[in-house]
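>>> here's a sequence, model it:
(3 chains)
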Amino acid sequence: MTTAPLHAWDLSPKDAIALQKALAGAVVRSDRFGPGGRRAIKQVAGVDVAFADGGRTIRAAVVMLTHPGLDVTDQILIERPTTFPYVPGLLSFREVPALLEALRQLPTMPDLILCDGHGYAHPRRFGLACHLGLWLDVPTIGVAKSRLTGSHDEPGPAKGDIAWLLAGKGVRPGERLGAVLRTRERVKPVYVSAGHRISLKTAVTLTLRCATRYRLPEPTRLADKLSKVHRTGS
DNA sequence: GCGACAG
DNA sequence: ATCTTGTCGC
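The predicted structure is shown next:
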């Protein structure tokens, strides 16, 4: 096998997996906000994508909000051809390129990004949130709606209740990969895991802080809504 | 070999 | 993810 380019998105599945293994070790899983590593979070962004034309077009959306006020300050929506198929475990190669194009159109880079998908809770510990965060060197959190890997018990029924997502057989079995968090009473929980430059504990705290009255935290919920806005409205 | 499998 | 209508409940 040839050496996988350290910065390319059009890789074969085999090379994409090799790249994930090579970059996983560079992900920082402790709190390092801002240039100095301890700046306050004043801006938080949510990102998500949707597909159109039977999957041939990918639409990336980013919504910027103030923190902790959660007032929307910027909204970006871009479209481009889909270039990578959906392959479990390789989601970042399909969505990150479009997300980067949308994020670079923001007037300023956010202090934190909430992603729709897993971060550390990934077969090779390199989910979409890790990949995007490492690429931009910005703190990121993975907030997924369903499980990709690992096992867990059912969290309590109250808002804020959690259950740990634990690794199955493989390297470090039983390792804590993320948290299954109940963001609203009696609603299906979400899976929270660290992306880049953040600890799991802080990821859970911030996700909960952004989850005001819906199952999904505001940044991600609004980005999801924006990505599905068809051309006609404004 | 047989399932599982983010969006 | 997307394809799809109405409907039950707070």
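>>> can you pull out the strands in chain A?
A:43-52, A:57-66, A:72-81, A:112-116, A:140-144, A:162-166, A:176-181, A:190-196 (DSSP state E).
>>> interface residues of chain A facing DNA strand C?
A:Ala50, A:Phe51, A:Ala52, A:Gly55, A:Lys145, A:Ser227, A:Lys228 (Cβ under 7 Å from any atom of the strand). Every residue, glycine included, has its C-beta placed from N, CA and C.
>>> from those, which are also near DNA strand B?
Answer for the residues of chain A next to DNA strand C near DNA strand B (Cβ under 7 Å from any atom of the strand): A:Lys145.
>>> could you list the residues of chain A in contact with DNA strand B?
A:48-49, A:86, A:88-92, A:116-118, A:122, A:127-128, A:142, A:144-148.
>>> can you redo the strands of chain A as CSV with mean pLDDT and mean neighbour count?
Converted to CSV, these look like this (pLDDT from 0 to 100; neighbours: other Cβ atoms under 10 Å):
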stretch, mean pLDDT, mean neighbour count
strand A:43-52, 98, 24
strand A:57-66, 98, 23
strand A:72-81, 98, 15
strand A:112-116, 98, 28
strand A:140-144, 98, 28
strand A:162-166, 98, 19
strand A:176-181, 98, 24
strand A:190-196, 98, 28
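>>> tabulate those (JSON lines), appending distance to A:Ser30.
Below are the strands of chain A laid out as JSON lines (distance: least, Cβ to Cβ, whole Å):
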{"stretch": "strand A:43-52", "distance to A:Ser30": "19"}
{"stretch": "strand A:57-66", "distance to A:Ser30": "24"}
{"stretch": "strand A:72-81", "distance to A:Ser30": "28"}
{"stretch": "strand A:112-116", "distance to A:Ser30": "15"}
{"stretch": "strand A:140-144", "distance to A:Ser30": "14"}
{"stretch": "strand A:162-166", "distance to A:Ser30": "18"}
{"stretch": "strand A:176-181", "distance to A:Ser30": "14"}
{"stretch": "strand A:190-196", "distance to A:Ser30": "9"}
